[in-house]
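> Sequence first, then the predicted structure:
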Amino acid sequence: MPRPNVAVRVYNVRFGDCVLVSLGSTGGEKHILIDFGNAPAMVRNKGGKNDVFGLIAADIAKRTGGTIDLLIMSHEHLDHMEGFFSEKKVFDRITVKDVWMSLMSAPDYYKRYPDCLPERKARLALNELASRWNLQGRLSWFPESLVSLIANNIMSVSNSERIEYIRRLAESKKRVRYLARGMSTSKLHTLGDDVEIEILAPERNASVYYGNGGQGFWLAAAAHFGKPSLPGTLSGNRRGGRCPRHIAVEEFEQLKDDVAEMDVNDLLAIDKAANNTSLVLRITVGGKTLLFPGDAEQESWAVMKSKGLLRAVDVLKVAHHGSLNGMPFEGSDSILDLLLKPGKKTTAIVSTCRDVYGTTADTEIPNYRLMELLRKRCGKVIDTEKDARPGEYIGFGLTI
């Protein structure tokens, strides 16, 4: 049986991921679609404009001939799944044979793994709090970078309507799979016996990623965010800010209470918890390997490294849009030494959009030092923002 060639399309969805992998020759191709989303409209600058979805969905439908053999949603953030729901009219007409999600998206996950329930309660409590502030118009008073963090990593998580829609895209309920490291996939797809897909992450029990805080941290966070804001009660310091003219004094003092209540470290912890539920998939076909890690962060990479799961690949989709916390690349914790082939034989994909989050050396996305390292050590670095206009794609192939 002839081995299929590999053709890859990386779409510029602004701040999000969308990659189409096509295997085989014309007429007999199989198609894998990995994520399709963009950050919510509330994120700053152009990151949250969803005007690109229609163009991309139409191209996916045309390129696949209306059949997607495997659709993968890496994790429950809008910048990885909003496009499916937004373009329902297109995807309703596409045949999707199989849908894969992270184990954490299984309807009964928290019953099976109660250790993770405190994190979910904290996330939902914070989502309710942030949603209330948004309805009250308070989020517009927050710094733009903080609003972006809240919108994309808090208010976009666990959108049941969108997740249920993606489940329904599969030909049958039996073709929706919830996966974690070590689960065999050999009989779960129709891509052919010469296509191997390994699940490197997440671990089945996501609490392994919670660090030293453990359940106690999440229980405290759930209680903290679940408390109603009491007018006239200051949890922070009154000093350090003059009331803007367009905000009443009492509202400004309440806002400072709210900002004090909204601990950025808690926000980042919830962001990490969701990102580390990302499916990490290694696809091998004809001796070529492609690695798609979603938004996996340091904790997930550390587990994969400790278990000896990482090896050099031909194509690396850089995790979490090229952020500093998405893919360790400096010092003894670096995992790029394990993933990049010598002699510049790896192609790196960075699906990113600048000026959505911070602008410091530690918060910029993509991280400047990481991008420089990739350009130095990879044969090709695809930067979606620089290499394609919004709504278009960068294509490349692997000859087997």
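Cool, got the structure. Numbering: from 1, shown residues only.

> got the residue ranges for the helices in the stretch 251-400 of the chain?
264-275, 298-306, 336-339, 368-377, 384-387 (DSSP state H, counting those that start in this stretch).

> Mean confidence (pLDDT) on the fourth one, please.
Per-residue pLDDT over helix 368-377 has a mean of 96.

> Residues contacting that helix, please?
With contact meaning C-beta atoms under 8 Å, 6 or more residues apart in numbering, helix 368-377 is reached by 318, 322, 324, 327, 329-330, 336, 340, 344, 346, 348, 350, 361, 381, 383. Every residue, glycine included, has its C-beta placed from N, CA and C.

> Give me the neighbour count for S172.
8 (other C-beta atoms under 10 Å).

> And it, what's its pLDDT?
Per-residue pLDDT puts S172 at 92.

> what about it, distance to W100?
Between S172 and W100 the computed distance is 14 Å (C-beta to C-beta, to the nearest Å).

> next one: S334
S334 sits 29 Å away from W100, going by C-beta to C-beta.

> repeat for T347
Counting by C-beta to C-beta - T347 and W100 are separated by 23 Å.

> So if I had to pick from those two, which one is more boxed in?
Between T347 and W100, W100 has the larger neighbour count (other C-beta under 10 Å), namely 25 against 21.

> ok, now which ones touch the residue sitting nearest the centre point of the chain?
By C-alpha atoms, centre = their mean, the chain has its centre lying nearest to D295, at 4.3 Å. By C-beta under 8 Å, 6+ apart, the contact set of D295 is 74-75, 77, 80, 274-275, 278, 319-321, 326.

> Tell me the one among the residues you listed nearest to R120.
Distances from R120 to the contacts of D295, taken as C-beta to C-beta, are shortest for A274 (10.3 Å).

> unless I'm mixing things up, the closest one is touching L78, no?
No. Contact between A274 and L78 fails when scored by C-beta atoms under 8 Å: they sit 11.0 Å apart.

> Between the two, which is the more surrounded one?
The neighbour comparison of A274 against L78 (other C-beta under 10 Å) goes to L78, with 27 against 24.

> okay, the more buried one: pLDDT?
Predicted confidence (pLDDT) for L78: 86.

> so where do the helices sit in the stretch 1-150 of the chain?
Going by DSSP H, counting those that start in this stretch, the stretch 1-150 of the chain shows helices at 53-64, 78-86, 88-91, 109-112, 117-135, 144-153.

> a markdown table for those, including distance to T190?
A markdown table is the format used below for the helices of the stretch 1-150 of the chain (distance: least, C-beta to C-beta, whole Å):
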| stretch | distance to T190 |
| --- | --- |
| helix 53-64 | 14 |
| helix 78-86 | 20 |
| helix 88-91 | 19 |
| helix 109-112 | 26 |
| helix 117-135 | 33 |
| helix 144-153 | 34 |
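
> Most tightly packed of those?
helix 78-86 (a mean of 25; mean count of other C-beta atoms under 10 Å).

> quick one: contacts of that one?
Helix 78-86 is contacted from outside by 13, 15-18, 35-40, 50, 53, 56-57, 71, 73-74, 91, 152, 156, 159, 161-163, 165-166, 169, 294-295, using C-beta under 8 Å, 6+ apart.

> Filter the residues you listed down to the ones in strands?
Applying DSSP state E to the contacts of helix 78-86, the entries found in strands are 71, 73.

> Would you list the buried entries among the contacts of helix 78-86?
Buried members of the contacts of helix 78-86, counted by 16 or more other C-beta atoms under 10 Å: 13, 15-18, 35-40, 50, 53, 56-57, 71, 73-74, 91, 152, 156, 159, 162-163, 165-166, 169, 294-295.

> For T64, which non-adjacent residue is spatially closest?
Nearest residue to T64 in three dimensions, chain neighbours excluded: H31, at 4.4 Å (C-beta to C-beta, 6 or more residues apart in numbering).
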